[in-house]
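Asks: Sequence first, then the predicted structure, then my questions.
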Amino acid sequence: MEQPISVTRSNFNDWMVPVFAPANFIPVRGEGSRIWDQENKEYIDFAGGIAVNALGHAHPVAVNALTEQATKLWHVGNGYTNEPVLRLAKQLTDNTFADKVFFCNSGAEANEAALKLARKVGLDSGIAGKSGIVAFNNAFHGRTLFTVSAGGQPKYSQDFAPLPNGINHVAFNDLEAAKAVINEQTCAVIVEPIQGEGGVIPADIEFLKGLRALCDEFGALLIFDEVQTGVGRTGALYAYMNSGVIPDVLTTAKALGGGFPVGAMLTTDKFAPHFSVGTHGTTYGGNPLASAVAGAVFEFINTPEVLEGVKHRHQYFLDALNALNAEHQIFEEIRGQGLLIGCELKVEYVGKAKDITTWAGEEGLLALIAGPNVVRFTPSLIIPEQDIDEGIARLKRALAKLAK
Ligand SMILES: *Cc1c(COP(=O)(O)O)cnc(C)c1O
């Protein structure tokens, strides 16, 4: 066979639409919570592919599910159902509030489906103009036009006007502000149990309870966007289980496939029938390959050992970060749940989160930002303690550059 052409980081600028600014190295291989680049330099992975690689890299459970299914059946299209997708639907409905699932390929698509379902439920109610959507400042729901409009970061939507209308944004964690805009014309409230991209900001339980009560009062769907918080990330299978507030619709993606693209919208028997044959769809959603991998990943994560392990690792991380911070005084606040951790920079370091992750890369550590002032960690849910120790040591060296 011919050798594949050799490629470098600079080729990204040559050939790729410039919507990303990737690091100046190219990862080529991963195992567990370690990654190696083209020069065989090793990195500890605290980024987890942005809360996706829940089992780390090349985990045998995921690899076996993928390769076994790969020899059987990849794709059949929606004229036929398949065994892996039905098994995955049973897993998701058996283990959550939901009765029905719609499968797609990403978080944005799951939210797109959720918002369209809410609009359809509003239409079917017969109440004139019941199409209003309430969303929150700084929220992130994806990059399709509808989801970027529901998101609360105008920098991602303003260039693409005219936007879908009927979406109202109010302050996150401000129940009075939500109360002022939720009414008979509201068909949905969409909220992240923890704002991920927006800075790792947990919703107050009283806020979520209040939204639930307002949705009940006005007949609106409560949509929890658990694309980032779902599938064990917070130490619960889904973050709604931490609050006891049960949504009408839940969206899940990222960790669900452990690195294989898959998304899902979960809902109840009350709302699912508002979609009928032909009202919504997707070519790849629920394909056998994605479903087989997601089924294996979900089964592996949904055990007391793995979920307890996430809570244990949370504390281990926090102890290490607090010790580091006691020495260096860089973070104003260290927050989050499970293995979704945000470190907000002190005022003297505002805007430096991206620099820190760049220096972390130089020291052999993959880390994320959540806005300009928050360094975010979303590692594998089963990252070994020695990898946490090593990653923190590398972070410490990266932070030393900040002091200079
Ligand atoms: C990442 C994310 C999305 C978008 O998911 P994609 O798979 O990138 O489309 C939506 N909502 C939340 C909360 C996310 O973190």
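Replies: Now that the structure is in, tell me what you want to look at.
Asks: Could you pull out the helices in the stretch 51-200 of the chain for me?
Replies: Shown for the stretch 51-200 of the chain, the helices assigned by DSSP state H, counting those that start in this stretch span residues 60-70, 83-94, 107-124, 145-150, 175-181.
Asks: Reformat those as a markdown table; add mean neighbour count and mean pLDDT.
Replies: Yep, even glycine has a C-beta here, placed from its N, CA and C like the rest. Below are the helices of the stretch 51-200 of the chain laid out as a markdown table (neighbours: other CB atoms under 10 Å; pLDDT from 0 to 100):
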| stretch | mean neighbour count | mean pLDDT |
| --- | --- | --- |
| helix 60-70 | 16 | 98 |
| helix 83-94 | 18 | 98 |
| helix 107-124 | 24 | 98 |
| helix 145-150 | 23 | 98 |
| helix 175-181 | 16 | 98 |
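Asks: Quick check: bridge partners of Thr186?
Replies: Gly132 (DSSP bridges).
Asks: Next, the contact list for it, please.
Replies: Going by CB atoms under 8 Å, 6 or more residues apart in numbering, Thr186 touches 130, 132-134, 215, 218, 220.
Asks: And it, how far from the ligand?
Replies: 20 Å (CB to the nearest ligand atom, to the nearest Å).
Asks: ok, now Leu345?
Replies: On the measure of CB to the nearest ligand atom, Leu345 and the ligand end up 21 Å apart.
Asks: which residue packs closest to that residue, ignoring adjacent ones?
Replies: Once flanking residues are discounted, Leu345 sits nearest to Asn373: 4.9 Å by CB to CB, 6 or more residues apart in numbering.
Asks: quick one, phi/psi of that neighbour?
Replies: Per-residue torsions, Asn373: phi -120, psi 10 (degrees, to the nearest 10).
Asks: List the residues that contact it.
Replies: 199, 344-345, 349-353.
Asks: May I ask which of those residues has the most neighbours?
Replies: Using other CB atoms under 10 Å as the neighbour test, those are led by Ala353, with 24 neighbours.
Asks: how much space between that residue and Tyr238?
Replies: Distance, Ala353 to Tyr238, by CB to CB, to the nearest Å: 28 Å.
Asks: Show me which residues of this structure are close to the ligand?
Replies: For the chain, the residues in contact with the ligand (CB under 6 Å from any ligand atom) are 106-108, 111, 140-142, 192, 196-197, 225, 227-228, 253-254.
Asks: Please indicate which of the residues you listed are buried?
Replies: 106-108, 111, 140-142, 192, 196-197, 225, 227-228, 253-254 (16 or more other CB atoms under 10 Å).
Asks: And those, which is closest to Ile334?
Replies: Gly196 (15.7 Å; CB to CB).
Asks: Give me the pLDDT value at that closest one.
Replies: Turning to Gly196, the model gives it a pLDDT of 98.
Asks: In which helix or strand does the closest residue to it other than its chain neighbours reside?
Replies: Spatial nearest neighbour of Gly196, excluding adjacent residues (CB to CB, 6+ apart): Gln228 at 3.7 Å. Assigned by DSSP states H and E, Gln228 belongs to no helix or strand.
Asks: Longest helix of the chain, counting residues only.
Replies: For the chain, the helix with the greatest residue count under DSSP state H is helix 304-328.
Asks: Does it pack against any helices or strands, and if so which?
Replies: Helices and strands touching helix 304-328, by 3 or more CB pairs under 8 Å, 6 or more residues apart in numbering; DSSP states H and E, are strand 331-337, strand 340-345, helix 385-403.
Asks: deepest of the ones you listed, which one?
Replies: strand 340-345 (a mean of 24; mean count of other CB atoms under 10 Å).
Asks: can you give me how far that one is from the chain middle?
Replies: Distance of strand 340-345 from the chain centroid (CA atoms, centre = their mean, to the nearest Å) equals 16 Å.
Asks: Kindly report the same for stretch 199-217.
Replies: 19 Å.
Asks: got the buried residues for it?
Replies: 199-203, 207-208, 210-212, 214-215.
Asks: picking that back up, can you add mean pLDDT and give the helices and strands packed on helix 304-328 back as TSV?
Replies: Converted to TSV, the helices and strands packed on helix 304-328 look like this (pLDDT from 0 to 100):
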stretch	mean pLDDT
strand 331-337	98
strand 340-345	98
helix 385-403	95
